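Participant: give me the fold of what follows.
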Amino acid sequence: MPLGAFKSALFGVAGVSTGSAVLLETAVASGDASIEFTLPTAYKQVVFGFYNLHPETHAEDFLFGTNAVGETGFNEVITSTFFEAYHTESDSAAGMGYVGSYDLAQGVGAYGSYQMLHYSVGNDNDNSVVGELHLFNPASTTYAKNFYAKIHTGVGANPTSTYVGGIINTTAAIDEIKFLMRSGNIDEGTIKMWGIL
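Facilitator: Residues are numbered from 1 along each chain as shown. As a prediction, this is how the structure comes out:
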């Protein structure tokens, strides 16, 4: 669902809640190694909003992984595609393109089965992570689980947006998701989980 459509689902045309999207949980990071959510079974779509997430260590990668029901290790197999758009603060370069080293091919990537959402996130104030991750039909026991994410941060104060899409390639229901930095803690920030009927 495009961001505009998500906003419409949340607030309707006149800014009044239509009741089709429900805020399910809010997690506030404070030096946490990771943030985990138990996924609801009653929603066809679950949306995670990221608000000013800062890594404790400078230039860390922001990742997520999932568990199927009864599984551990956050290592469900993902196949994905990853691309970015950037514009340097000095106006010396700008571009957009596919970044094959950051996607996953049946769970084989730089970080095992964890999918990168954004790379090299700085811990200064103009580098925090904002954006959203959409996960579709996580409770399905028939289909693989589609997802996409749009993430923005300033990499070294250079505005950079990343776009990730793919499938969690299991027909088992997905009931857990974990967000973390490649190393070090999430120093601060907020993640909200919404359910959309």
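
Participant: can you give me the strands for the protein?
Facilitator: 21-32, 34-38, 45-55, 60-68, 78-87, 94-98, 115-121, 129-136, 145-155, 158-168, 174-181, 186-196 (DSSP state E).

Participant: so what does the fifth one touch, helix or strand wise?
Facilitator: Counting contacts by 3 or more C-beta pairs under 8 Å, 6 or more residues apart in numbering; DSSP states H and E, the secondary-structure elements packed against strand 78-87 are strand 94-98, strand 115-121, strand 158-168. (C-beta placed from N, C-alpha, C; glycine too.)

Participant: which residues does the second one contact?
Facilitator: So that's strand 115-121. Contact partners of strand 115-121, identified using C-beta atoms under 8 Å, 6 or more residues apart in numbering, comprise 53-55, 59-65, 78, 80, 82, 102, 104, 109-110, 127-129, 131, 133, 149, 151, 153, 155-156, 160, 162, 164, 166, 181.

Participant: apply 6 Å and report the result again.
Facilitator: 55, 59-64, 78, 80, 102, 104, 127, 129, 149, 151, 153, 155, 162, 164 (C-beta atoms under 6 Å, 6 or more residues apart in numbering).

Participant: before we move on, back to that, how about the strands of the chain in CSV, adding mean neighbour count and mean pLDDT?
Facilitator: Shown next, in CSV, are those (neighbours: other C-beta atoms under 10 Å; pLDDT from 0 to 100):
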stretch, mean neighbour count, mean pLDDT
strand 21-32, 15, 96
strand 34-38, 16, 98
strand 45-55, 21, 96
strand 60-68, 22, 96
strand 78-87, 18, 95
strand 94-98, 10, 96
strand 115-121, 24, 94
strand 129-136, 21, 97
strand 145-155, 20, 93
strand 158-168, 19, 95
strand 174-181, 22, 98
strand 186-196, 19, 97
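
Participant: tell me the pLDDT at the residue of the chain positioned farthest from its centre?
Facilitator: Most distant from the centre of the chain: Ser92, at 29.0 Å, with distances by C-alpha atoms, centre = their mean. In the predicted model, Ser92 carries a pLDDT score of 92.

Participant: Met193 versus the most centrally placed residue in the chain, what's the distance?
Facilitator: Closest residue to the average C-alpha location of the chain: Leu133 at 4.1 Å, with C-alpha atoms, centre = their mean. Leu133 sits 10 Å away from Met193, going by C-beta to C-beta, to the nearest Å.

Participant: cool, and His152?
Facilitator: 19 Å.

Participant: what sits in contact with each of Leu133 and Met193?
Facilitator: Joint contacts of Leu133 and Met193 (C-beta under 6 Å, 6+ apart) are Phe48.
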